[in-house]
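*Asks:* Return atomic coordinates for the entry below.
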Amino acid sequence: MSRSPDSADFSADGTTSSDPARIPRDIVVLIGAALIVALGFGLIAPILPSYAQSFGVSNAAAAAIVSVFAATRLLFAPASGRITERWGEPIGYVSGVLIVAASTITCAYANDYWTLIVFRAVGGIGSTLFTVSAGAFLARRAPATLRGRVAGLYGGAFLIGNVAGPLVGGLLSPLGYRAPFLIYGVALVIAAAVVYVFLVGVRRSLRAKDEGAVLPPLSLREAWSSPAYRAAMIGNFGNGWVTFGVRTSLVPLFAAGALGMNAFEVGLVLTAFAVGNAAALSFSGRWSDRVGRRLPIVIGMSLAAITGSVLGLSSDAWVLIALSLLSGLGTGMFGPAQQATIADTVGPERSAGRAMAAFQMAADLPAIAAPLIAGYLSDHFGYAPAFAISGLIMVLGVIAWARVRPAAR
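*Replies:* All right, here's what the predicted structure looks like:
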């Protein structure tokens with residue numbers, strides 16, 4: 001008896017042996033919008049901590065610009081899940097992107113540190129809304145046999161943007177801190193327009209076919225009963241600490257402060273991480289669809305933990321760039337498999353809003369704490385301990401996934 005891709009069986013770690021299927025066009029549209037968003041974000045990533053520091057604040061205060069963004073994401077995540085379920089993923093995505101666009105443009109005109117903090121915090125509300133909406137949409141629409149590949153392509157779109165963005169941002173450094181924020185804001189408006197034109201029409205078409213009816217949400221209790229979901233939550237905590245917390249706040253400060261690198265060279269460090277990530281994403285999604293989620297996650301997360309823990313020992317720019325490249329490679333190995341785990345858990349017949357919101361919160365919580373704690377450690381004990389502790393935290397995810405039973409082939 002033939003079976004549709006969405007009815008393929010998955011074990012606890014997401015293995016399937018069903019035939020591959022074609023990626024739906026609406027997912028391709030969302031991947032294109034992700035590329036636009038990432039290109040814009042890559043412009044401001046190398047300069048954001050330094051922009052905050054230009055107002056005469058400490059390392060910890062400069063790193064807090066990352067924490068406040070993550071804090072509002074965390075606080076608004078539960079509401080984002082419910083808004084996604086009520087409004088639908090495309091409308092939630094467009095609304096969130098436009099909120100971030102408005103926040104980013106106003107950041108360009110901040111005249112003091114606290115004004116910048118407030119504007120950046122507002123952006124966190126929109127960020128969590130469009131992130132949850134996109135994740136729920138992909139979980140619902142991606143064919144079961146292609147969940148890893150879809151997650152890899154979606155992550156790859158962000159990484160391609162993050163490769164080009166920091167390089168362009170570094171070249172724009174002579175224009176000052178404000179120009180990249182304005183360009184990023186415009187890019188976000190373009191992304192929102194693309195999704196509105198294409199995906200909102202798709203949503204209406206689905207409703208007309210009774211395929212877009214409101215799906216019953218998967219409760220967190222049900223999701224937590226899955227060993228793979230629990231491991232993904234722990235792994236995402238470590239990823240949030242290292243990738244979204246320490247890397248975006250402390251690495252630029254370490255490169256500029258300890259190694260004396262200029263804005264363009266700092267951009268090269270962030271780009272090296274993105275290049276390694278993009279290289280892994282070219283195969284890791286398909287890999288996890290073939291062998292299951294566990295193996296790519298354990299290998300990739302181990303590599304990211306080891307390289308991330310020794311960043312503070314870098315003696316020059318080239319060592320830092322090489323370690324960042326390897327760290328990105330490891331992160332790219334486990335990222336798609338972790339994202340696909342959520343789709344495996346939820347399935348196509350349930351709404352992923354709440355499970356996706358909780359998964360996002362697992363990364364946002366450490367993204368708040370990590371810049372503050374790592375910034376404090378770097379101010380009082382040096383950069384090496386801050387990076388070493390970060391690597392140890394990611395090891396928790398390795399342990400959690402190592403305990404998930406491998407798929408029965």
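*Asks:* Mind telling me what element residue 117 is part of?
*Replies:* Taking DSSP states H and E as the definition, residue 117 sits inside helix 113-141.
*Asks:* Can you identify the element that follows the helix or strand hosting residue 160 toward the C-terminus?
*Replies:* Taking DSSP H and E as the definition, residue 160 sits inside helix 147-171. Scanning the chain past helix 147-171 towards its C-terminal end, the next helix or strand to appear is helix 178-208 (assignment: DSSP H and E).
*Asks:* now for the next helix-or-strand element following that next one, which elements pack on it?
*Replies:* Using DSSP H and E, the next helix or strand after helix 178-208 towards the C-terminus is helix 220-224. Contact partners of helix 220-224 among helices and strands, from 3 or more C-beta pairs under 8 Å, 6 or more residues apart in numbering; DSSP states H and E: helix 353-380. For every residue, glycine as well, the C-beta is placed using N, CA and C.
*Asks:* buried set for the helix or strand following the helix it packs on?
*Replies:* Downstream of helix 353-380, the next assigned helix or strand under DSSP H and E is helix 383-402. Under the neighbour-count criterion of 16 or more other C-beta atoms under 10 Å, helix 383-402 has 383-384, 386-391, 393-394, 396-398, 400-401 buried.
*Asks:* which other residues reach helix 383-402?
*Replies:* Identification of contacts with helix 383-402 by C-beta atoms under 8 Å, 6 or more residues apart in numbering yields 230-231, 234-239, 241-242, 245-246, 250, 254, 258, 294, 297-298, 301-302, 304-313, 366, 370, 373-375, 377-378.
*Asks:* Buried ones among the residues you listed?
*Replies:* The neighbour-count test (16+ other C-beta under 10 Å) applied to the contacts of helix 383-402 identifies 230-231, 234-239, 241-242, 245-246, 250, 254, 294, 297-298, 301-302, 304-309, 311-312, 366, 370, 373-375, 377-378 as buried.
*Asks:* Could you point out which residue ranges in the stretch 101-250 of the chain have low pLDDT?
*Replies:* 162-163, 200-215 (pLDDT under 70).
*Asks:* give me that answer again for 80
*Replies:* Low-confidence segments of the stretch 101-250 of the chain, defined by pLDDT under 80, are located at 158-176, 199-219, 248.
*Asks:* Keep only those of the buried ones among the contacts of helix 383-402 that are in strands.
*Replies:* Counting by DSSP state E, none of the members of these fall within strands.
*Asks:* Would you report which members of those are assigned to helices?
*Replies:* Using DSSP state H to define helices, the subset of these located there is 230-231, 234-239, 250, 254, 294, 297-298, 301-302, 304-309, 366, 370, 373-375, 377-378.
*Asks:* can you give me the helices for the stretch 1-150 of the chain?
*Replies:* Residue ranges of the helices in the stretch 1-150 of the chain, as given by DSSP state H, counting those that start in this stretch, are 25-44, 48-53, 59-87, 89-107, 113-141, 147-171.
*Asks:* Please tabulate these in TSV, including the columns mean neighbour count and distance to residue 266.
*Replies:* Below are the helices of the stretch 1-150 of the chain laid out as TSV (neighbours: other C-beta atoms under 10 Å; distance: least, C-beta to C-beta, whole Å):
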stretch	mean neighbour count	distance to residue 266
helix 25-44	22	12
helix 48-53	23	8
helix 59-87	22	13
helix 89-107	24	19
helix 113-141	24	19
helix 147-171	24	7
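*Asks:* How far off centre is stretch 80-99?
*Replies:* Relative to its chain's centre, stretch 80-99 lies at 17 Å (C-alpha atoms, centre = their mean, to the nearest Å).
*Asks:* could you give the mean pLDDT of that stretch?
*Replies:* Mean per-residue pLDDT for stretch 80-99: 87.
*Asks:* swap in stretch 399-409?
*Replies:* Regarding stretch 399-409, the rounded mean pLDDT is 76.
*Asks:* and what of stretch 22-34?
*Replies:* Per-residue pLDDT values over stretch 22-34 give a mean of 86.
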